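Undergrad: I'd like to go over a predicted model; first the sequence, then the structure.
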There are 2 protein chains.
Amino acid sequence: MAHTGIHSQPVRSCLLLVVVSVWVQQVDGVWPLPQQLDQSADRNSLSPQRFSFIYGRDSAAQTGCSVLDAAFKRYFSIIFPDFTKGSGLLMSENKSIRYTSVSMSVKTRGCDGYPDEDSDESYNLSVSEGQAVLRSVTVWGALRGLESFSQLVYQDDYGSYFINKTEIVDFPRFAFRGLLLDTSRHYLPLHAILKTLDAMAYSKFNVFHWHIVDDPSFPYQSRTFPDLSNKGAFHPFTHVYTQSDVMRVIEHARMRGIRVVPEFDSPGHTLSWGKGQPNLLTPCYKGDVPSGSFGPVDPTVDTTYKFMESLLKEVKFVFPDSYVHLGGDEVSFACWQSNPNVRTFMEKMECLKTKTSIVWQDVFDYRERIPQDTVLEIWKGETYQAELSRMTQAGHRVLLSAPWYINHISYGQDWRNSYAVQPQNFSGTEEQKKLVIGGEVAMWGEYVDATNLNPRLWPRACAAAERLWSDEEKTLDADLAFPRLEKFRCELLRRGIQAEPLFVGHCKHEYDGL
Amino acid sequence: MAHTGIHSQPVRSCLLLVVVSVWVQQVDGVWPLPQQLDQSADRNSLSPQRFSFIYGRDSAAQTGCSVLDAAFKRYFSIIFPDFTKGSGLLMSENKSIRYTSVSMSVKTRGCDGYPDEDSDESYNLSVSEGQAVLRSVTVWGALRGLESFSQLVYQDDYGSYFINKTEIVDFPRFAFRGLLLDTSRHYLPLHAILKTLDAMAYSKFNVFHWHIVDDPSFPYQSRTFPDLSNKGAFHPFTHVYTQSDVMRVIEHARMRGIRVVPEFDSPGHTLSWGKGQPNLLTPCYKGDVPSGSFGPVDPTVDTTYKFMESLLKEVKFVFPDSYVHLGGDEVSFACWQSNPNVRTFMEKMECLKTKTSIVWQDVFDYRERIPQDTVLEIWKGETYQAELSRMTQAGHRVLLSAPWYINHISYGQDWRNSYAVQPQNFSGTEEQKKLVIGGEVAMWGEYVDATNLNPRLWPRACAAAERLWSDEEKTLDADLAFPRLEKFRCELLRRGIQAEPLFVGHCKHEYDGL
């Protein structure tokens, strides 16, 4: 028997069944919600046989553009799943359906580059009878537009494809829309990471924050220090990321306009590092004798800095993004002589690297002076508004993650909590608000591995995705968002993402990946 | 970034890595824990080529016994997964490994029957060099013994199979160890149900409580009233259980010694029934006019009882178990004229059916007189100890489910809460304690479908499985149980069950079902 109070009331369930059963008729179901979306009721038929993506004459990107050519292939199958399953042939009989082309027009080249913090992701999409025009400044904006286009297409009860006359003007609210995966507490197989990147692209996330190593294991196979994974991984062969694995992740992400920001958290959270790198960690003492346990990396010996310098050199070489996450959180001072050592250590780290660094908020608490270009990431839950004020007042750019630790599950529709977050709702000047460059959904790995990663991530992470992309004014009401999110979740299922249900109901295409 | 207090302390993680890395050496890892388990350190080699299951001469069951012949086939692959993958051939070279047989000796026949409330599930297992002897009264006991045997076999780091000299005397603490699935709030595909039955057998659950219909949908395809699913299911073809689907579930369960107890919950929770059965539900009124919404089934018209009689006749015919669950919970009196109607209705229901009925505790609250053989199921969380006293005092047999509503997820190791439950720890006589016939893990479907069912069920449900099978005195300490449960969870992964992790760590064979 039921047991969730109001949720199990017949009436409620009824309302819901209605909502679910009519979604195929809904056409304004784009997630995250575009900045401007105008749709008319008149719909145009689409035929898989009479459909194509083309490059506009004025487009800087043309056939041969790696990013878009691949995207056309992906999105055709996404838009016409039944056709790719072969059943679409019937539709070709229907001569009344005219030819439709999606004409891409990209202002700047850059098909072979990587997205970065300054990438322009804006796009304009105009869908009229027989054609759609997608204009963007960059190929990354074109990808966002293709995603929106794919979500506009729907099938009626006879399986015919339609898209309504639509005008979209769209751009992201925040430039940094991240998702963190933790591959140290549990190892995540490569294909789990690649699938997550697929789903991120569907929700318009654009940064994969790869918390790749930590205390429990060191799965990154370093070319400079192979012993780090040989001795620090759960298993030196089955539980590691080879250099080619890492390259695949980076390229898979690039193709979807997603940055890969690696985190090598130090000086704390480095227990697994010590296994393959002797004398790196601070030996803890009981009185005058070593206790056998180890603390953070030892900041008092030069070898530490030589090691860190070589490792960060490699990281800088392997990961093309201009950002690196240096961690710096939760250093256990019990073992360290004193706090200033962290300060010294982090200062030296700053000098070692030549990228923009992100550090956890703890570092801000250790010391007065942090390089002005260092980005602070807020993870401590209770006080995040106060931290936003404090850190932006100090002139630092900040990332908000605290309210989006979605590994912390709870019963019911907890996506609503993520959705209610207002990243710029803190006391501060307009200038300070501008210093909030975005946020991150974090899926820490204490209780998460490949068995439950996807249903915990999706659709729960979609709430933050919309908060970070869309106009807050237009997306404050979670009840209004609900049917659109429910439709998007069904779309995720259809695309093979193991997204869990939001509430009672069903999808036309249920998950069949079991 | 880490964020779970103590769980992210280096020391903790360290301890854990140790625990995980040594589990292959542990040999006392049977879940749920047998009543008596004596193991010696001397281990015997097992060779897939020199291994067989045989029927003892004195066994009532012999070759041709459907239940055991099929079990031998299943368990060989479970015991020698690498061999079935073909890599075991190398081992045949090792002549030093002698022939091993597991000799089955079953006292009574009954290979073609169904398990029931009186089935004897006890077994004795004696493993010595070159042979194992498994004695049981019934084939169902033999299945429990085979499961324990399969958990005793382990591989060393070279892949060789071993089993230690072992003596087990085992029997269940409670006769009724159920697991409830809700296929109305979300539809669960047939293979999701079959897979759940597999995992239930691994944990020695023996009752599948099939909450098959409810307010949101009616997926049961009735032969007498086909419109119930034609109009009441989410979809009349893709979201229904045909008669052959139901038969497959029942047979799959029988082969594993699992009973299938169907629930047709009434008079409340019947909203979906009304779609295919006109005039069944009570029309609600606003003043003098029907409001358009409906309440529970209408107890004031004879047609209701004619309908219920035919439906229950069918249910009795289709489901062989001697139990049926009649529901009876959460009737919304707002719509009904008065409470006594429920009493009348439930009384009439009792007369209609000729099986032992289970009803939710609510029914006990409606009325003074309930047939003495009716089993009451307790689901209201806060007060379950008091309910146990009250209902057993009234002489009723009870099932405890309240503390095991594991659809209610929370962050962290919430299996410990399920594990801490003491079903007979309430004020009452010894006679009263005996009236607790067992308990049920309930996985309600508001937020659960095929995307997240398995990781939410396993290994969380295993805690209740051990509480219901094992000696409470020997299984009070969750910390002692932890490494054994962690090993069992890895074993579930190896068997293809998508069981989520208990904490930081890894398994030799990770889940690769993505």
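TA: Thanks, I have it.
Undergrad: Show me the domain layout of chain A.
TA: As assigned by the TED database, chain A contains the domains A:36-170, A:176-495.
Undergrad: weakest of those by average pLDDT?
TA: Of all the domains of chain A, mean pLDDT reaches its minimum on domain A:36-170 (a mean of 90).
Undergrad: Give me the distance from it to the chain's centre.
TA: 22 Å (C-alpha atoms, centre = their mean, to the nearest Å).
Undergrad: Also stretch A:425-435?
TA: For stretch A:425-435, the distance to the chain centre is 24 Å (C-alpha atoms, centre = their mean).
Undergrad: which residues does A:G428 contact?
TA: A:G428 sits next to A:L388, A:S389, A:T392, A:Q393 when contact means C-beta atoms under 8 Å, 6 or more residues apart in numbering or on different chains. No exception for glycine: its C-beta is placed from N, CA and C like everyone else's.
Undergrad: right, so the domains of chain A: which one is the most enclosed?
TA: domain A:176-495 (a mean of 20; mean count of other C-beta atoms under 10 Å in any protein chain shown).
Undergrad: Can you give me the end-to-end span of that one?
TA: Its start and end residues considered, domain A:176-495 measures 25 Å (C-alpha to C-alpha, to the nearest Å).
Undergrad: chain center to that domain: distance?
TA: Per C-alpha atoms, centre = their mean, the centroid offset for domain A:176-495 relative to its chain is 11 Å.
Undergrad: Those residues of the stretch 201-350 of chain A touching chain B, which are they?
TA: Residues of the stretch 201-350 of chain A found near chain B (C-beta under 8 Å from any C-beta of the partner chain) are A:211, A:214-217, A:234-235, A:238-239, A:265, A:268-269, A:271, A:293-295, A:327, A:329-330, A:332.
Undergrad: which of the contacts of A:G428 lies closest to A:R135?
TA: For the contacts of A:G428, the residue nearest A:R135 by C-beta to C-beta is A:T392; the value is 34.0 Å.
Undergrad: What is the three-state secondary structure of that closest one?
TA: helix (DSSP: H, G, I helix; E, B strand; the rest coil).
Undergrad: which non-adjacent residue is nearest it?
TA: Spatial nearest neighbour of A:T392, excluding adjacent residues (C-beta to C-beta, 6 or more residues apart in numbering or on different chains): A:Q432 at 3.8 Å.
Undergrad: got the contact list for the strand or helix carrying that neighbour?
TA: Using DSSP states H and E, A:Q432 sits in helix A:430-434. Contact partners of helix A:430-434, identified using C-beta under 8 Å, 6+ apart, comprise A:L388, A:S389, A:T392, A:Q393, A:Q424, A:F426.
Undergrad: immediately after that helix, which helix or strand?
TA: Where DSSP H and E defines the elements, the next helix or strand beyond helix A:430-434 is strand A:436-443.
Undergrad: Of the contacts of helix A:430-434, which is the nearest to B:F53?
TA: A:L388 (65.9 Å).
Undergrad: Would you mind naming the helix or strand containing the closest one?
TA: Assigned by DSSP H and E, A:L388 falls in helix A:384-393.
Undergrad: roughly how far apart are the residue nearest the centre of chain A and A:V260?
TA: Residue closest to the average C-alpha location in chain A (C-alpha atoms, centre = their mean): A:L179, at 3.5 Å. Separation of A:L179 from A:V260 (C-beta to C-beta, to the nearest Å) stands at 11 Å.
Undergrad: Now for those two: what residues contact both?
TA: The contact sets of A:L179 and A:V260 overlap at A:V207, A:F208 (C-beta under 8 Å, 6+ apart).
Undergrad: any idea which helix or strand carries A:F72?
TA: helix A:66-79.
Undergrad: List of residues touching that helix?
TA: Residues outside helix A:66-79 that contact it (C-beta under 8 Å, 6+ apart) are A:46, A:48, A:51, A:53, A:55, A:61, A:63, A:84, A:104, A:106, A:111-112, A:139, A:142-143, A:146-147, A:149-150, A:153, A:161, A:254-255, A:257, A:495.
Undergrad: what bridges to the residue lying closest to A:Q155 once chain neighbours are set aside?
TA: Using C-beta to C-beta, 6+ apart and skipping residues adjacent in sequence, the residue nearest A:Q155 is A:Y161, 5.7 Å away. When assigned by DSSP bridges, A:Y161 has beta-bridge partners A:L46, A:Q155.
Undergrad: contacting residues for A:Y161?
TA: Going by C-beta under 8 Å, 6+ apart, A:Y161 touches A:S45, A:L46, A:S47, A:P48, A:I79, A:F80, A:M91, A:V153, A:Y154, A:Q155.
Undergrad: 7 Å instead?
TA: A:S45, A:L46, A:F80, A:V153, A:Q155 (C-beta atoms under 7 Å, 6 or more residues apart in numbering or on different chains).
Undergrad: ok, the first one touching A:N164?
TA: Put plainly, it is A:S45. No: between A:S45 and A:N164 there is no contact under C-beta atoms under 7 Å: 11.1 Å.
Undergrad: And the helices in the stretch 201-350 of chain A?
TA: Counting by DSSP state H, counting those that start in this stretch, the segments of the stretch 201-350 of chain A that form helices are A:227-232, A:243-254, A:271-276, A:302-318, A:340-352.
Undergrad: re earlier: any residue of the next helix or strand after the helix holding A:F72 touching chain B?
TA: As assigned by DSSP H and E, the chain's next helix or strand after helix A:66-79 is helix A:81-84. No: under the criterion of C-beta under 7 Å from any C-beta of the partner chain, helix A:81-84 makes no contact with chain B; the nearest approach is 14.3 Å.
Undergrad: what packs against helix A:81-84?
TA: Applying 3 or more C-beta pairs under 7 Å, 6 or more residues apart in numbering or on different chains; DSSP states H and E, we find helix A:81-84 packed against no helix or strand.
Undergrad: Next SSE downstream of it?
TA: Trace forward from helix A:81-84 with DSSP H and E and the next one is strand A:100-106.
Undergrad: related to what we said a few turns ago, quick check: the gap between the residue nearest to the centre of chain A and chain B.
TA: 14 Å (C-beta to the nearest C-beta, to the nearest Å).
Undergrad: Would you agree that residue falls within a strand?
TA: Yes: assessed by three-state DSSP, A:L179 belongs to a strand.
Undergrad: any idea how far B:Y187 is from it?
TA: On the measure of C-beta to C-beta, A:L179 and B:Y187 end up 30 Å apart.
Undergrad: likewise A:D58?
TA: Applying C-beta to C-beta to A:D58 and B:Y187 gives a distance of 50 Å.
Undergrad: A:E263 now?
TA: 41 Å.
Undergrad: Same question for A:Q422.
TA: 37 Å.
Undergrad: Find the closest residue to chain B in the stretch 151-300 of chain A.
TA: A:F234 (4.0 Å; C-beta to the nearest C-beta).
Undergrad: so who does that residue touch?
TA: Per C-beta under 7 Å, 6+ apart, neighbours of A:F234: A:Y187, A:S217, B:H506.
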